[in-house]
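# I would like to see how this sequence folds:
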Amino acid sequence: MEIPTRPGQGIDKPAAALQVRRAVPGDLGALIDLENTSFASDRLSARQWRHHLRGTRASILVVESSAQLCAAAVVFLRKGSTRARLYSLAVAAALRGRGIGEALLDACENDARERGCTHLRLEVRSDNVAAQRLYQRRGYRRFASRPGFYEDGATALCYEKIL
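All right, here's what the predicted structure looks like:
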């Protein structure tokens, strides 16, 4: 799936196309780097990344530009459940605000739907207003909050979308 960037906001050129694809084991280093630069805590370890890259209960999608990984999302799938969980979505800081996160979210929703899921759930930090706006704009509805959910004690807001 190609993601055209918004006019005038290309990565290398004004209309650079970004490619969404499934992550492969060779992406491990880039996934860890993106995770470490995107999140101060609650990070996946290298061991966890390797496990999810090999397993069938996680779907990891990445966005590439000029052969460099610039965004990634992890969706967990439970056997026998029609609810998928968006565990993580990260876009390289220099590329935020260009529609990459929204396009990656769209790809995650499509992937979950293709795997038989009817709902996608997620948690987002209560202080991450930009992410909350994205999810709300995309039709996610808040259904709960979880105080102390994150390692640093921050509250998580729980959202769900019917696919």
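# how about low-confidence regions in this protein?
Applying pLDDT under 70 to the chain flags the ranges 1-16.
# the residue most central in space within it: what secondary structure?
In the chain, the C-alpha nearest the mean C-alpha coordinate belongs to Leu89, at 2.2 Å (CA atoms, centre = their mean). State at Leu89, reduced to three classes by DSSP: H, G, I helix; E, B strand; the rest coil: strand.
# and it, how far from Ile32?
Distance of Leu89 to Ile32, computed by CB to CB, to the nearest Å: 16 Å. Where C-beta positions appear, they are placed from N, C-alpha and C, glycine not excepted.
# got it, and Trp49?
6 Å.
# for beta bridges, what are the partners of the residue nearest to the centre of the chain?
When bridges are called by DSSP bridges, Leu89 pairs up with Ala73.
# quick one, what contacts it?
Residues near Leu89 by CB atoms under 8 Å, 6 or more residues apart in numbering: Ala71, Ala72, Ala73, Val74, Gly101, Leu104, Leu105, Cys108, Ala131.
# how close does it sit to Lys79?
With CB to CB as the criterion, Leu89 and Lys79 are 23 Å apart.
# neighbour count: Trp49 and Ile32, which is higher?
The neighbour count for Trp49 versus Ile32, taken as other CB atoms under 10 Å, is higher for Trp49 (23 against 15).
# secondary structure element holding the more buried one?
helix 46-54 (DSSP states H and E).
# got the contact list for that helix?
Residues from elsewhere that reach helix 46-54 (CB under 8 Å, 6+ apart): Ala23, Val24, Pro25, Asp27, Leu28, Leu31, Ile32, Glu35, Leu44, Ala58, Ile60, Val74.
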